[in-house]
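S.K.: Okay, predicted coordinates and the sequence, questions at the end:
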Amino acid sequence: MRGKFKGPRRGGAPRGRGGKPRGKRSFGAPRFDSARVADIENVEDQESEEEQIPSEEEIDDDGSGSESEKEKATSKPYFALMESLSKDQSAPRAKRRKLDHQPEKAKSGSKPEREVDSVDEDEDRDVDHVEEVEEGPEDEVEADDDDNDIPDSSDPFEAHFVELDQGEVKRRLKAIQANDYSQSHIEQNGWRLIRNFPGKDPAQSSLLPTPISGPSSLKLKQRLVETTSRKRSTFTKLEQVLYPLTFAYNDLLFCGRTPKNAEDLRRMACLHSVNHVFKTRDRVIKNNAKLAKEGENNDFEPRDQGFTRPKVLMLLPTRNSAVKMVNTICSLCEPEQQENRKRFDDSYLDKESTFSSDRPEDFRELFEGNDDDMFRIGVKFTRKTIKYFSQFYNSDILIASPLGLRMAIGSEEDKKQKGKVDFDFLSSIEVVIVDQADALLMQNWEHVEFVLEHLNRQPREAHDCDFGRVREWYLDGHAANFRQTLVFSAFNTPELAELHRRHCTNWAGRIRVQPESYTGAIEDLGGTKARQTFSRFEAASVAAEPDARFEYFVSAIIPSLTKRAKEATGTLIFVPSYLDFVRVRNYLATNPTCSGLTFGAVSEYTDVPEASRTRSYFLSGRQQILLYTERAHHFRRYPFRGVRKVIMYGLPDNPIFYKEIVGGYLGRSERELKIEPERGSVRALFSKYDVLKLERIVGSKRVGKMVREKGDTFDFV
């Protein structure tokens, strides 16, 4: 009987245990649901403006203003706006701290609560939005007492943003525009560092910060020194390499993230982000005080701000990832109060969503807890308080998924209908952190590219900005060249390499850090004795590679299945790309030569009941062949049984998937079905453009010969 199949469920999302939706994942081309956006906006309009109870310490620390929900700034062309403002620039107004207000509990002598929830929960509202009154100027602002007014030239923050060698910076910016880089390879503590430095200067490109042993060597704000030293007195070998690169404001692509070092990377990213926010904020506060003290008749003209307040953007795959980031930030800052914390926990925590220990560690790290991939939240720091769900223009750190942030920005369709497209809040981002980039690749990568393309654009509205205090390189349109981008991934891919090349244009240079070498996934298959055959096919170009792969599959693989149809039972065909999956599925369903084969298909759009039925048919032999996609395995990790042969139409990006399919599925069949070692087999197709995937699977020592040698077939036992 012919295998039945259905088209992809492009409107649906993969579902979890028992058919539970796994968030609002977006597969394929990006889509914008106008009705859904309209519903969210209607809910926001219905929310009443809620009165926030300010704590004694709460202040508005940034000299740049924020956008009001009710009063929109006048829209003018950018340079005309600057010209009009420059004609009458009054001295910046100092900010006043609200000393005359004390909460009732404080007056009665009781200790203040550590958590302040100023917004009630409502099931029908947008949980990531809070109506917030535009914050006005205040006086008597206090900065940290740990810093003096003398710039520290050894501080990377000062060297990168403030105390600049203008000649050197101009030379590097010119080299970046001409795409003129010098590359060097360096090894530190077992890691390979590939640095691209602007300009043809090999001596400069090979100069890197030396590894450090602990946080005592970092230039941290005083309030962070004690907690950091207490939580991490000494660094691991990996941290000794990454901390100097991160705090020196280099663009970084790290291709060695694992569940074991994930917490260390998260701590480093949060410490760097909070330290950057505190230094930026305190400089503005001190300059406000100095301007207020000296009055209007002075020559002091500080350049200490961007166009808008947000300085750090964190792109994460799930809400549970956001919870981990927020908890790490809180552990470093140890705030006295956390506004809206209960609402944050109710919206982002899901303690019931757990998996058994037999699930892979990387799967549990990503999908345990709330795995919704549609979220965005603003985080604001005051002297002793962290506030969640702050309005974007009032926030210091933005934490979002690529899909959630793209929905917040809006689409061209929204622009035509309601004029709601807004990305000005991304104009002054100075640190971008993309964590678990390998997981974002399995979502819709186009959303990531869309967000990065809208960073550091000159704003279309003023947003109460004091242009007299905006740093000059913002006004010159070079904000992207001062932005630092940190990307953490389990492995490297062409998409990440292209992101690193196109969007990492930091004048300090960009660095890729990866393992010195790979032993190969084939070395750790849990005792599986199947023959593994890697077949190379030729492709004239990257664009011609999909057609060349399909032609090789049809001419070399399909005949071996049709000639011995009875022996085809238990064949799993792994197809990484969904487009290739559709192509192979249609060929098996319509080509006369495949009429003797029955097959089933499981993709990322297959619902749980249908997938269970297909697994049962495959195990019983009712369906001889099973088509299986990489993203289906990423989101589900189905425990297939009855696998006797594996055909890899393409190699997986994640080498763990190769271990789980070959060592897990095929190894289980060897134990349960007692099949002979030579009867179980693996056939994998690859081209020279798969060198990154191939290296992680066969190992660094073998990959060169397999790509360059004349032979096209390589066997491993």
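M.R.: That came through fine. Numbers count the residues shown, from 1 in each chain.
S.K.: Residue 505: what's it in contact with?
M.R.: Residue 505 makes contact with 176, 251, 480-481 under the criterion CB atoms under 8 Å, 6 or more residues apart in numbering. Every residue, glycine included, has its C-beta placed from N, CA and C.
S.K.: er, residue 255 I mean
M.R.: When contacts are counted by CB under 8 Å, 6+ apart, residue 255 touches 489-492, 496, 512-515.
S.K.: Now, of the residues you listed, which are buried?
M.R.: Buried subset of those (neighbour count, 16 or more other CB atoms under 10 Å): 489-492, 496, 512-514.
S.K.: Sitting in helices, which of the residues you listed do you find?
M.R.: Among these, the members found in helices (DSSP state H) are residue 496.
S.K.: Could you tell me which of the buried ones among the contacts of residue 255 are located in strands?
M.R.: 489, 512-514 (DSSP state E).
S.K.: Give me the helices and strands touching the helix or strand hosting residue 344, please.
M.R.: Element membership of residue 344 [criterion: DSSP states H and E] is helix 341-348. Helix 341-348 is packed against strand 115-116, helix 319-333, strand 385-388, with contacts defined by 3 or more CB pairs under 8 Å, 6 or more residues apart in numbering; DSSP states H and E.
S.K.: The helix or strand just after the second one - contacts with which helices or strands?
M.R.: By that I understand helix 319-333. Per DSSP H and E, the first helix or strand lying C-terminal to helix 319-333 is strand 337-339. When contacts are defined as 3+ CB pairs under 8 Å, 6+ apart, strand 337-339 packs onto strand 115-116, strand 385-388.
S.K.: coming back round to it: need the helices and strands packed on helix 341-348 in JSON lines with mean neighbour count, distance to residue 485 and mean pLDDT, can you?
M.R.: Formatted as JSON lines, the helices and strands packed on helix 341-348 follow (neighbours: other CB atoms under 10 Å; distance: least, CB to CB, whole Å; pLDDT from 0 to 100):
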{"stretch": "strand 115-116", "mean neighbour count": "17", "distance to residue 485": "33", "mean pLDDT": "47"}
{"stretch": "helix 319-333", "mean neighbour count": "20", "distance to residue 485": "17", "mean pLDDT": "96"}
{"stretch": "strand 385-388", "mean neighbour count": "24", "distance to residue 485": "24", "mean pLDDT": "96"}
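S.K.: For those, please prepare a markdown table with the additional fields distance to residue 622.
M.R.: Putting those into a markdown table (distance: least, CB to CB, whole Å) gives the following:
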| stretch | distance to residue 622 |
| --- | --- |
| strand 115-116 | 57 |
| helix 319-333 | 38 |
| strand 385-388 | 52 |
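S.K.: do you know which of those lies nearest residue 658?
M.R.: Nearest to residue 658, of all those, is helix 319-333, at 25.1 Å by CB to CB.
S.K.: can you tell me which of the contacts of residue 505 are in helices?
M.R.: Applying DSSP H to the contacts of residue 505, the entries found in helices are 176, 480-481.
S.K.: Show me which of those are buried.
M.R.: Using 16+ other CB under 10 Å as the burial test, those include 176, 480-481 as buried.
S.K.: Out of the residues you listed, which is nearest to residue 657?
M.R.: Set against residue 657, the nearest of those by CB to CB is residue 480 (34.9 Å).
S.K.: Quick check: mean pLDDT of stretch 638-655?
M.R.: Averaging pLDDT along stretch 638-655 gives 94.
S.K.: And for stretch 543-559?
M.R.: The predicted model gives stretch 543-559 an average pLDDT of 95.
S.K.: circling back: could you dump the ones in strands among the buried ones among the contacts of residue 255 into TSV and include distance to residue 188?
M.R.: Output for those, formatted as TSV (distance: CB to CB, whole Å):
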residue	distance to residue 188
489	19
512	13
513	9
514	12
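S.K.: how about these in JSON lines, adding pLDDT and distance to residue 684?
M.R.: Output for these, formatted as JSON lines (pLDDT from 0 to 100; distance: CB to CB, whole Å):
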{"residue": "489", "pLDDT": "98", "distance to residue 684": "23"}
{"residue": "512", "pLDDT": "97", "distance to residue 684": "26"}
{"residue": "513", "pLDDT": "97", "distance to residue 684": "28"}
{"residue": "514", "pLDDT": "96", "distance to residue 684": "23"}
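S.K.: Which one of these is nearest to residue 244?
M.R.: Minimum distance to residue 244 across those is 11.5 Å, recorded for residue 513 (CB to CB).
S.K.: where's residue 435 relative to residue 254, distance?
M.R.: When distance is defined by CB to CB, to the nearest Å, residue 435 is 10 Å away from residue 254.
S.K.: Then residue 374?
M.R.: Distance from residue 374 to residue 254, by CB to CB: 26 Å.
S.K.: Please apply the same query to residue 539.
M.R.: For residue 539, the distance to residue 254 equals 30 Å [CB to CB].
S.K.: before we move on, what about residue 236?
M.R.: Counting by CB to CB, the gap from residue 236 to residue 254 is 14 Å.
S.K.: between the two, who's got more neighbours?
M.R.: Neighbour comparison, residue 236 and residue 254: the larger count goes to residue 254, with 24 against 12 (by other CB atoms under 10 Å).
S.K.: pretty sure that one belongs to a strand, no?
M.R.: Yes: counting by DSSP: H, G, I helix; E, B strand; the rest coil, residue 254 is part of a strand.
S.K.: so how far is residue 246 from it?
M.R.: Residue 254 is 9 Å from residue 246, by CB to CB.
S.K.: My read is that residue 571 contacts residue 561, right?
M.R.: Yes: counting by CB atoms under 8 Å, residue 571 does reach residue 561; the two are 6.8 Å apart.
S.K.: tell me, what's touching these two both at once?
M.R.: The overlap between the contact sets of residue 571 and residue 561 (CB under 8 Å, 6+ apart) consists of residue 625.
S.K.: shaky segments in the stretch 151-300 of the chain?
M.R.: Applying pLDDT under 70 to the stretch 151-300 of the chain flags the ranges 151, 202-203, 205-206, 296-297.
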